[in-house]
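Enquirer: Generate a structure from the sequence data that follows.
(chains A, B, C and D)
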There are 2 protein chains.
Amino acid sequence: MPQTPTPRQNHLLAALSPAVQHRLFPYLEPVPLPLGKVLHEPGDVARYAVFPTDSIVSLVCVMESGASAEVSLVGNDGLVGLALFMGGGSTPSRAVVQSAGFAYRLPAARFMEEFTRHGEFLLLMLRYTQALITQMAQTAVCNRHHSIDQHLCRWLLQSMDRLPDNRLAMTQELIAHMLGVRREGITDAASKLQKLGVIEYNRGRITVLDRPRLEQLTCECYAVLRKETDRLLPYVPRPTNPIPLSDPVEAP
Amino acid sequence: MPQTPTPRQNHLLAALSPAVQHRLFPYLEPVPLPLGKVLHEPGDVARYAVFPTDSIVSLVCVMESGASAEVSLVGNDGLVGLALFMGGGSTPSRAVVQSAGFAYRLPAARFMEEFTRHGEFLLLMLRYTQALITQMAQTAVCNRHHSIDQHLCRWLLQSMDRLPDNRLAMTQELIAHMLGVRREGITDAASKLQKLGVIEYNRGRITVLDRPRLEQLTCECYAVLRKETDRLLPYVPRPTNPIPLSDPVEAP
DNA sequence: CGGCATCTGTACGACACCGCACAGAGGCCC
DNA sequence: GGGCCTCTGTGCGGTGTCGTACAGATGCCG
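Expert: Just a heads-up that it's a prediction; the model follows:
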């Protein structure tokens, strides 16, 4: 069952030193992110930085025709609202919740207060920005060269990496929209994966059964991203206090 | 004829305040960038930041198969070497000279010295980074949805925006490599443009004859990028000295 | 001037993906 | 339980791009 989230489920927040956490955490506010919620439209001025805990947000580019394509994925590894500190205030992309869950948001002013201290927070944000840039670059080349099948595998893996379990609630229609392809294209690709026993599929519920196989089937883009992300943002949460790692023998 | 370049031909360098220019310019070193020169391979640790003046550098992603695709274009509007200040040190992309010319390079240490003053230089770099992010995002969606014809138009326009005149020295083979398509695809697209009288084409020399028409033929991506770049990085060079813009009737 | 490498144009079958249309198959609610 | 909406599967022709192969055109250089 969904427990109350904690800020430290977000890797960026977890990686901050106690001092920074102490300054920021009081201003963090948990927000539920229902499927499909739009965090910002192209050109919107961001009022919050949003740090997902167990939710996933897609950054998508939308064309005049209504066609769209995802350019990157933000989960508990990142934050939505780069434009806050990049100086532009807004971006030409839309941020939409792709997997429901929770996030913590931090008012823009507080965010900038910490950012302009020019300390570890700034450095962390820059590193995350580079990870995001890598993701976009790889998406661009993947869109050019790889098949829908491969692309779907990559997308599933990237989503799984940001989720607590191996299940995902999404219709084929939505996935198609994210990847910028036809719904039928996803039906085909997903059917193949289902026949191979790699995933199980049922009216908007996807379960990954054989992750290693999925990694074999996807294009090299996934490995590139994984490697680069691990390099830039190794997940090493700071301990809050001296923590009892093993069970507190009698917990509630 | 090619004159000796000056750092101020680069818009970023030109936009810096006299104080910053005074600190940085002594360490700038002009370098010729011949066509095809590789500034860095994936994973290379950058030793310089490179500011093009009249040259153009392409950032491309290369796949295992050798296939590649350009993710962004850097000319006198930007610099090569974001990884310097983003914290990663390297990126998984290759930087290759697409149009020969000159650039100024700044040793990494000097660059960081100024960057870590956390003043206008940092802010300018961040703004440029956002412009680059926008470019990558748009490239991703363009790769997914638009035709080679449209893509070529966009690429020509973006190249022209970074060149002093309306001529470009590139074979179809090279363009194809940049765009991540077949050479014949470029032949087709370019033939159409030539028949329309929009460009003139001759063994590696392209001349744009009808720019307005080109802007009609391209996809919306060009306009999006143009608008966003102008917003983020308006080109307002700082005067070197107190400059007589109009006659200084009675200025100090 | 002639030879040759390079660049450009053309052709043709293969294939992935598209757009559309429609048929089953669940799940949800009255 | 019945009705209905949503989601998924399937089929068809059309089109854009690919891979390959080859022929002309151009410019450079000996």
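Enquirer: Let me know the average pLDDT across the longest helix along chain A.
Expert: Counting residues, the longest helix in chain A under DSSP state H turns out to be helix A:120-145. If you average the pLDDT over helix A:120-145, you get 97.
Enquirer: Figure out how far the helix or strand just after it is from the centre of its chain.
Expert: Counting by DSSP states H and E, the next helix or strand C-terminal to helix A:120-145 is helix A:148-160. Chain-centre distance of helix A:148-160: 13 Å, with Cα atoms, centre = their mean, to the nearest Å.
Enquirer: contacts for whichever helix or strand comes after helix A:148-160?
Expert: Once helix A:148-160 ends, the next helix or strand along the chain (criterion: DSSP H and E) is strand A:167-169. Residues from elsewhere that reach strand A:167-169, judged by Cβ atoms under 8 Å, 6 or more residues apart in numbering or on different chains: A:35, A:99-100, A:156, A:159-160, A:204-208. For glycine as for every other residue, the C-beta is placed from the backbone atoms N, C-alpha and C.
Enquirer: The longest helix of chain A near DNA strand C at all?
Expert: No. On the criterion Cβ under 7 Å from any atom of the strand, helix A:120-145 is out of touch with DNA strand C, staying 9.8 Å away.
Enquirer: Identify each buried residue in that helix, please.
Expert: By neighbour count with 16 or more other Cβ atoms under 10 Å in any protein chain shown, helix A:120-145 contains the buried residues A:121-122, A:124-145.
Enquirer: for chain A, what spans make up the helices?
Expert: Under DSSP H, chain A gives helices at A:11-14, A:18-24, A:83-86, A:108-115, A:120-145, A:148-160, A:172-179, A:183-195, A:211-217, A:220-232.
Enquirer: so where is the stretch 51-200 of chain A shaky, pLDDT-wise?
Expert: The stretch 51-200 of chain A contains no residues with pLDDT under 70.
Enquirer: What parts of chain A come near DNA strand C?
Expert: A:147-149, A:180-182, A:184-185, A:202-203.
Enquirer: Filter the residues you listed down to the buried ones, PyMOL style.
Expert: The PyMOL command for the buried members of the residues of chain A next to DNA strand C (criterion: 16+ other Cβ under 10 Å) is given here:
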select buried, chain A and resi 148+149+180+181+185
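Enquirer: Farthest-apart pair in the residues of chain A next to DNA strand C, please.
Expert: A:Ser147 and A:Arg203 (25.2 Å; Cβ to Cβ).
Enquirer: any idea how far A:Glu114 is from A:Pro52?
Expert: 19 Å (Cβ to Cβ, to the nearest Å).
Enquirer: who's more crowded, the two?
Expert: A:Pro52 (30 against 21; other Cβ atoms under 10 Å in any protein chain shown).
Enquirer: What's the separation between A:Leu28 and A:Pro7?
Expert: A:Leu28 is 5 Å from A:Pro7, by Cβ to Cβ.
Enquirer: ok, now A:Arg226?
Expert: Per Cβ to Cβ, A:Arg226 is found 25 Å from A:Pro7.
Enquirer: Same check on A:Ser65?
Expert: Counting by Cβ to Cβ, the gap from A:Ser65 to A:Pro7 is 39 Å.
Enquirer: Comparing those two, which residue is more hemmed in?
Expert: Each of A:Ser65 and A:Pro7 has its neighbours counted (other Cβ under 10 Å); A:Pro7 has more, 19 against 8.
Enquirer: wait, isn't that one in contact with A:Pro26?
Expert: No. Using Cβ atoms under 8 Å, A:Pro7 makes no contact with A:Pro26, being 10.5 Å away.
Enquirer: Show me which residues of the stretch 151-252 of chain A are close to DNA strand D?
Expert: A:171-173, A:183-184, A:187-188, A:190-191, A:194, A:201-204.
Enquirer: could the residues you listed go into JSON lines alongside distance to B:Ser17?
Expert: Output for those, formatted as JSON lines (distance: Cβ to Cβ, whole Å):
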{"residue": "A:Thr171", "distance to B:Ser17": "53"}
{"residue": "A:Gln172", "distance to B:Ser17": "54"}
{"residue": "A:Glu173", "distance to B:Ser17": "52"}
{"residue": "A:Arg183", "distance to B:Ser17": "53"}
{"residue": "A:Glu184", "distance to B:Ser17": "56"}
{"residue": "A:Thr187", "distance to B:Ser17": "57"}
{"residue": "A:Asp188", "distance to B:Ser17": "57"}
{"residue": "A:Ala190", "distance to B:Ser17": "56"}
{"residue": "A:Ser191", "distance to B:Ser17": "60"}
{"residue": "A:Gln194", "distance to B:Ser17": "61"}
{"residue": "A:Tyr201", "distance to B:Ser17": "59"}
{"residue": "A:Asn202", "distance to B:Ser17": "61"}
{"residue": "A:Arg203", "distance to B:Ser17": "60"}
{"residue": "A:Gly204", "distance to B:Ser17": "55"}
